[in-house]
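**Q** predicted coordinates and the sequence they were generated for:
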Amino acid sequence: MTMQVLLVVGMSGAGKSTVLKTLEDIGWETVDNLPLTLLMRFLHGTQPDAGGENRPLALGFGSRTRDFDPDAFITQVTALRERADLDIGLLFLDCSSDELARRYAETRRRHPMAEDRPVRDGIIAERGLLAPLRRWANRLIDTTDLKANALAQQVRALFERRAEAATTLTIESFGFSRGVPHEADLMFDMRFLRNPHWEPSLRPRTGRDPAVAAYVAADPAYEEAVSRIEELLLLLLPRYRAEGKPYVTVAFGCTGGKHRSVHVTERVAARLRDAGFSPTILHRDLAVAPQDTLEGRPQGQ
């Protein structure tokens, strides 16, 4: 079994921390500033984790790394590439000197190679030190014009594994009488629809019951409103995925969380499933006992 190993090297301030954090978010194991003298031992006999999964590994290096020497680094990596059980790549992060100087001025951090000198002296020295690795790298990202979120999105596009690419989607029903779900990213209020609670034959049933569904769907505002919500979700969910959001919860609420919100949740989840999504359905308050004083009075009474 081959393990994917990505070595991340680059100019200080070019975004190495953002890259490693993004890789960690998409399921990679990450280690930053591993002493170069430990690299060979660290990768010796690397095995899958306890669950048997062969997770990819990203290792960060730079001028802050203890005993860092580009020539020794290249020598070690060349030797590691001879191993059949490792697939090793080198990502170099570059950035213009002007932008690096601006970033250091903004954060008021000291450059690791210019502790007692102007920051540009450190940038020049580091660029010279890392030049062999920039030439040797098989991947390069220039972060001069990239904000952190744009860099993270680019890293996801390059390195995210297909099995982990999908956003985990939950469609949830709830009752406002028991409070709103704090984990919801998008929330829709279904209390504008007519309420089956006030039909004695429907009150003990739930939104999963065909008779309740038909009663709710007969509301004049139902079809247009729910269809528009579905179209909105079909527009937004791929954008959340592109931005790297790992979890999205869409919540539909009614007063008690038993009829209207349950039915709409079931319908919308089915529509999204037909569109290729894999939603998990959660009915938070389905088992809660109904109570007239919570539902209010129907119109005209």
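**A** Yes, it's here.

**Q** from here on, just use CA atoms for contacts and neighbour counts.
**A** Fine.

**Q** same for the strand or helix carrying residue 267, what does it pack against?
**A** Per DSSP states H and E, residue 267 falls inside helix 260-274. Counting by 3 or more CA pairs under 8 Å, 6 or more residues apart in numbering; DSSP states H and E, the packing neighbours recorded for helix 260-274 are strand 168-175, helix 210-217, helix 222-242, strand 247-254, strand 280-283.

**Q** could you dump those to JSON lines with mean neighbour count?
**A** Formatted as JSON lines, those follow (neighbours: other CA atoms under 10 Å):
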{"stretch": "strand 168-175", "mean neighbour count": "24"}
{"stretch": "helix 210-217", "mean neighbour count": "18"}
{"stretch": "helix 222-242", "mean neighbour count": "14"}
{"stretch": "strand 247-254", "mean neighbour count": "23"}
{"stretch": "strand 280-283", "mean neighbour count": "17"}
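
**Q** turn the ones you listed into JSON lines, columns for distance to residue 106 and mean pLDDT.
**A** Output for these, formatted as JSON lines (distance: least, CA to CA, whole Å; pLDDT from 0 to 100):
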{"stretch": "strand 168-175", "distance to residue 106": "36", "mean pLDDT": "91"}
{"stretch": "helix 210-217", "distance to residue 106": "56", "mean pLDDT": "96"}
{"stretch": "helix 222-242", "distance to residue 106": "29", "mean pLDDT": "94"}
{"stretch": "strand 247-254", "distance to residue 106": "32", "mean pLDDT": "93"}
{"stretch": "strand 280-283", "distance to residue 106": "44", "mean pLDDT": "90"}
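
**Q** quick one: buried residues of the helix holding residue 267?
**A** Residues 260-269, 271-272 are the ones in helix 260-274 that count as buried (16 or more other CA atoms under 10 Å).

**Q** now do that helix against strand 168-175, angle only.
**A** Interaxial angle of helix 260-274 relative to strand 168-175 (axes from the mean of the first three to the mean of the last three CA atoms, to 10 degrees): 160 degrees.
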